[in-house]
Each structure stands twice: as structure tokens, then as C-alpha cells.
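**Student:** next input, structure requested:
(2 chains)
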There are 2 protein chains.
Amino acid sequence: MTRSGRRRLAEDFRQGRRPALARAISMVEASRPGVADLLDEVLMVEPRARRIGITGPPGAGKSSLATLLAKLLRERDEDVAIVAVDPTSPFSGGALLGDRIRMNELAVDPGIFIRSMATRGSLGGLAATTREVIDLLDAFGFANIIIETVGVGQTQFEIQAAADSTVVVLVPESGDGIQAMKAGLMEIADVFVVNKSDRIGADRLVREIGQALMLRAGRASHDAPAHHGVDLTRIGRPDTAPPGGDPASAAPRWEIPVLKTSAGRGEGIDELLAAILAHGRHLRDSGELETRRERRALGRIRDVVERRLHRRAERFFASDPHLAEWVAQVKTGRATAYGVADRIVPAILSRAPEVHDRAAED
Amino acid sequence: MTRSGRRRLAEDFRQGRRPALARAISMVEASRPGVADLLDEVLMVEPRARRIGITGPPGAGKSSLATLLAKLLRERDEDVAIVAVDPTSPFSGGALLGDRIRMNELAVDPGIFIRSMATRGSLGGLAATTREVIDLLDAFGFANIIIETVGVGQTQFEIQAAADSTVVVLVPESGDGIQAMKAGLMEIADVFVVNKSDRIGADRLVREIGQALMLRAGRASHDAPAHHGVDLTRIGRPDTAPPGGDPASAAPRWEIPVLKTSAGRGEGIDELLAAILAHGRHLRDSGELETRRERRALGRIRDVVERRLHRRAERFFASDPHLAEWVAQVKTGRATAYGVADRIVPAILSRAPEVHDRAAED
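**Tutor:** Numbers count the residues shown, from 1 in each chain, chains lettered A, B, ... in the order given. You can find the predicted model right below:
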């Protein structure tokens, strides 16, 4: 993309033209040349969107809930962007397709923007590019961004980092409460939803979640799992602060609600939106919103820095003539990865310092 | 740890002393000082273990199957190390505890070594330290290493990279076939197991998996999802080669079996082990084992290199006096992560070149 083309695109984006948004998103997704320069222009704006994360096991009805929430927000005359993160698979059968069709019915409404993003191999994970797309939607001016993703593995913490309010959706058949806890979904919920509430076991699941939350409230916050980066550590979340603990716990507490919905029957959606809005107010009043946004800004800086370092390493791996021999040595126990790294790392650090890392990122 | 202490530990390890193994694993898990130097000594040996991955959704009975497989292998007079990767959680209730107790009954057998590893926040993910522990067990001389982990998100590809043969365990209640595919488990199985085969829906699930596998066999291999690193791309897996495709597909094909087991009743375990052993022979005969070991060696080099680069960045983030101001600027839209990275990356690359990265890794 030429410099003037980029300028025009950025200008169109700032003027709120949808095709410019779509094109910017495509550039981010494809890591098209010039994307860092483009983002550097258009993201120069304070994030303001209400970011709602919806996560849970496959088949819990997340897409349906996202669709219904979007409709309610539209009734309040607020626009909504939905980012649906799908695990990549050569297969995509009935259930998934059904969700998407229902969601796409919304898409004729100009106040709605829907983007399905594949995760390309990092199944279920929220790629750095996904975070960039969310930032784009925020900068474009959407009042609400709903991020829907399968709540497995890393994603749980990633969606929590990307969203202001995280809704965890479970269904009676997603296994007993213990298994849900094992999968770590308990850790990240700001609002719990038991969907398909007309099914057997719904009330029992609501009770189990409630009991687990009470149990957790009684524990010290150091039980919370540490995350792998400075950016994502859960610093001072009011809802995990120990009772009578440090002064920070004097901030108003958020009691995590456990709601019942039936997306199929359209039941409980008003209450869900009310809970999300209440949590948003809690975030603002407690100062937690600022903390989360700060953490997110740091996370974005780390994203970009790590990616540039990673790409430097990749360029090295793609081009180094000795690599095959080193691999053969490690494979047969004649060398270790540590010994090889002793030689590679200095080469990566010193190599081609004249390369402009931003360009290399494209 | 002093240099002579490390030498002694390495010597004890090579002599096959269990306490030395346990201590080395603890050092890896805690990233204790000197660990890179220790591994550089003790991993100088060709990997030989049969590495069996067992993955699937929570509650599928993976631990029980691992336990029963280990018992069978012991009857063949082969020793077995089991690495159970648990998502970290402040809660660990009934089901999990039950699994572990059953597994621990094995632990009195000196031919069995069991290690439970927490994933510390990267829920379900296989940390680089887990790969190092597996390498340690291999170097120590275990004939079999069973790696058991919840098959969610990234883990799927990570366990495939760590194991020679990957067993994917599903249960009738883990959702219909479509959902299993959506979760990506279809992509990584060398052997499929439908556990709890006495439950309703087991035969239907077996049929669905079989149909999906046939469907997949008819597709071109380029449908396989790309992975994020050179090391983990699935190059030339015979079972995904297109029929009549490139010459590599002339290698013997592996027909992925779909087995039924009942860990509770001890049924189908012989057949499962037979399938794993057959897959092992297939790997050797087709040359695929060498390919997988090569890929794994490259993966280990990348692990160490990436970790050293990551720690360099972390040291920078932990100590840079301007960081708070930059974060504030990004948070309020006065700067972007890209502009900040332009300033940070060169600083990280050039900073303290005299620091020995290996020491820094400790």
C-alpha cells in the first residue's frame, strides 16, 4: 500500500466509513504490508467502547446470547460490533453454521457490525491480531464490542484481558460444577450465565456455581493463578480481595451474579444486560476500569514488542544455513537446545540492526 | 547451586538415581539457577522413549486410561513415566482427586514414575518446562512416557508435538461429533478412543468419528491448519496426505482406529495398547518417527531461544523508567503500541549485551 493510499484509508476510517473499517480489519488479519503504520495512525484515539466478553464451552449458546444482547443494545439505540472468534477447522458443521446464520440476520442493521475471526491453528486462542481488530472497532467508535469465543485454555485469560466485563456461559450438560472449575472458567467470570435453563440440572448448576463462588470469596487472593505476563496479572481485582485484607479491598465489592437464561426462548436476556451494565458501573466507580485499561495498554505494547522479537527469531530460523545441522545434533543427543541457543541468541540480537522492525512486522 | 553440586547431580542422574531425577525436575519447574547448565549436561543423550499423549475433554477418563495403560506396560516389564498436566485452579474437587488417588496407587511400583505438573495460568497449555521435564524423563531412560492433559486450545498441537502417538479420548456426553471437530481434536488423533463405552450414544459417537475421518481422508492436506511456528507445522503426515498426491504420500498410510474402552470396567485397554504399539511401528517404518523427532529438536531450540528473547523483554519491562508514561499514553490514545515499540525494541536488542543469556534464563 502506498503512503498516500494509507493516508486516504486512515482518513476514511476516521470519517466513519464502513468500507475503510472492513479494509483495515482485513489488513490486520492478513498482516498486510503497512499495517503497523496504518494502526499507528488510526489508533491514536482513546478507547471508549464497552467491551463485553462472552465465553464458555462449545455448544453453550454463546452466539445466540451475543445476538440477543446485540438486539437489546440496538433497542437502546447503541451500536454494536460482534467479534466471533472461531477455532479453525476444516470442518464446520450444523451447530456452528446455525449460530452464524442467526447472527447474520442481524447484519442488515447498519448499527451492527459482525466479524468472524479464525484463530489459525492457535485453536481457541485470542491472537494478537484479534486484539488489534477489537482496538480498531473501538477506535472506529462502536459503543459496544461483544467478543465471543470458546472458553478453553489460554483464551480464558485472554478474553478477560480483552474485555471489561466477562460473561461465562455454562449449560447443564457441560458437566458438573467441579469440571467447570477444573477448566478454570470460575476464575474469570464477572457474570455467570446458566443457559438452556429449561433443561434438567440447570438449578443444580446454578447452586453449585453459587457455592463455589462463596468458597472462593472465603479464600485469599493469592490463590488466584498467576499469569505469564506482567500485563495480564490480575492486580487488585475487588472480587478476589480477601475480606478484611489490604486497603485496596476497601473498594466496593462486585458480587458475581449467577443468572439463568434461555437463548432459545429469549428468556433472561434483559437481566443479563442489566448485570453487564451494573458491572460496567462498578468498574467505573471502583476505578477498576482504569486499571483494566492500563493493563490492556501495557498488554498491547508487549504484544507488539514480543511479535517483533519473535519475527526476528523467525527470520533467523528461516535463513540460517547451520540450522539443519544443529537440529540433527540436538535430535541425536550430540548437542542440547541450550548449547545451540548460546550461539543463536547473540546472532539474532546483533543481526541486521539496520532492518526497520516495524517494516519487518508487516 | 554450585558447579560441583551440579556436576554431582548430573552424575547421579546419569547413574539412574531417582532422587536426582526428582531434584532435576524440581529445578526445571522452579526455573532454579543453573538449570540450563544442568540440562545442557544431562540431555546429551539420544531420546529413545515411546511418548504417548493422551488428551480429551475434562472428565473423559484420561487419567484412568493412563493408569491402565501403565499397568499393561508394566506387565511387559517396561517402565513408565506419567506426566499429568493439570490446569492450575484454586479448586480441585472430587473427580480430579479421585483420578489422582487411583493413579497414586501405582506409584509404589519402582517401575512407575508419576509427576503432576501445574500449568500455572496458561490453563491447559503445555509449558516449555513441561517439555523439558519430558526430555528429562526420556534422558533418564524411561521406555515409556505417557503425557496426559486436557485437550483444549493450544494444548492439542502442543501434545501432538510432544508425543509420538496421540490418543484422543472422547465420551458420549462430550457433545456431538460436530462439536468435537469444532474443538479441533480431530486434527491431532493418531488413535481415537470412545471411553465410557457402556453409555448411551457411544456407538453413535464411534460412527460419527469414523464418518468424519473418512471425510477428512478425502480432503487435500492443505486443509490442515497451519501452526504458529516452523517447528510444529505438520509436515508430510502420511495420514493427511491426499490420495494420489505428492510422492511423500507413497509412504504407508496410517488408518486412524476408533476404539471403544471402558476404563471403569477395564475393557478395551489391550486393544488400545495394541493400537499404540502398531502406530509406533508405523512411525518407524514410514520414517515419520525421525521426522517427528527432528521437528521436536527444532521445537526445543526455538523454545529456548524464544524464552531468552522473552526474558530480555521482561527484564526491560520490569526496569524501564519510562514505561508507566508510555502505558498512560497508549491508554489515552496519545500514542500507540506501534510507536512505543519503535522505541523499545532497539533498546531491548542493544541493552546489556554483556549479560550472559543462559544465566539470565535461570
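**Student:** surely A:Leu259 forms part of a strand?
**Tutor:** Yes - remark: A:Leu259 belongs to a strand, assigned using DSSP: H, G, I helix; E, B strand; the rest coil.
**Student:** hang on, isn't it packed against A:Val191?
**Tutor:** Yes - assessed by CB atoms under 8 Å, A:Leu259 is found in contact with A:Val191 at 6.7 Å. Quick note: C-beta positions are derived from backbone N, CA and C, even for glycine.
**Student:** wait, A:Leu43 touches B:Thr336, no?
**Tutor:** Yes - A:Leu43 is within contact range of B:Thr336, at 4.5 Å (criterion: CB under 8 Å).
**Student:** what segments of the stretch 1-150 of chain A are strands?
**Tutor:** Using DSSP state E, counting those that start in this stretch, the strands assigned to the stretch 1-150 of chain A run over residues A:50-56, A:80-86, A:112-118, A:144-150.
**Student:** so which of those strands gets nearest B:Ile200?
**Tutor:** Checking these against B:Ile200 by CB to CB gives strand A:50-56 as the closest, at 24.3 Å.
**Student:** does any part of that closest one sit near chain B?
**Tutor:** No - using CB under 8 Å from any CB of the partner chain, strand A:50-56 never reaches chain B; the gap is at least 11.7 Å.
**Student:** other SSEs contacting that strand?
**Tutor:** Strand A:50-56 sits against helix A:62-75, strand A:144-150, helix A:155-162, strand A:165-170, helix A:269-286, with contacts defined as 3 or more CB pairs under 8 Å, 6 or more residues apart in numbering or on different chains; DSSP states H and E.
**Student:** look up phi and psi at A:Trp254.
**Tutor:** Here is the backbone geometry of A:Trp254 (degrees, to the nearest 10): phi -110, psi 120.
**Student:** wait, it sits on A:Gly280?
**Tutor:** No - applying CB under 8 Å, one finds A:Trp254 not in contact with A:Gly280, separated by 10.8 Å.
**Student:** still on that earlier bit, out of the helices and strands packed on strand A:50-56, which gets the lowest mean score?
**Tutor:** For those, mean pLDDT drops lowest on helix A:155-162, to a mean of 73.
**Student:** so which residues of chain A form helices?
**Tutor:** For chain A, applying DSSP state H gives helices covering A:3-14, A:18-29, A:35-42, A:62-75, A:94-106, A:128-140, A:155-162, A:177-182, A:202-217, A:269-286, A:288-319, A:323-331, A:337-350, A:357-361.
**Student:** for B:Glu267, which of the ones you listed is the nearest?
**Tutor:** The closest of the helices of chain A to B:Glu267 is helix A:177-182. By CB to CB, the value is 23.4 Å.
**Student:** any idea of the mean pLDDT for the closest one?
**Tutor:** For helix A:177-182, the mean pLDDT works out to 55.
**Student:** about what we covered before: return the most buried member of the helices of chain A.
**Tutor:** Ranked by average neighbour count under the criterion mean count of other CB atoms under 10 Å in any protein chain shown, the helices of chain A are headed by helix A:155-162 at a mean of 26.
**Student:** ok, for the spatially most central residue of chain A, nearest residue in space, not its chain neighbours?
**Tutor:** With distances taken as CA atoms, centre = their mean, A:Ile159 lies nearest the centre of chain A, 3.1 Å away. Counting by CB to CB, 6 or more residues apart in numbering or on different chains, A:Ile159 lies nearest to A:Gly53, which is 4.2 Å off, once chain neighbours are set aside.
**Student:** and the helices of chain A: which comes nearest B:Val206?
**Tutor:** When the helices of chain A are compared by CB to CB, helix A:94-106 sits nearest B:Val206, at 19.1 Å.
**Student:** what's the spacing between A:Phe316 and A:Asp138?
**Tutor:** According to CB to CB, to the nearest Å, A:Phe316 stands 35 Å off from A:Asp138.
**Student:** cool, and A:Leu277?
**Tutor:** Computed as CB to CB, the A:Leu277 to A:Asp138 distance reads 18 Å.
**Student:** give the contact list for the nearest residue to A:Gln329 once chain neighbours are set aside.
**Tutor:** Distances taken as CB to CB, 6+ apart place A:Ala335 nearest to A:Gln329, at 3.7 Å, with adjacent residues excluded. Taking CB atoms under 8 Å, 6 or more residues apart in numbering or on different chains, we find A:Ala335 in contact with A:326, A:329, B:44.
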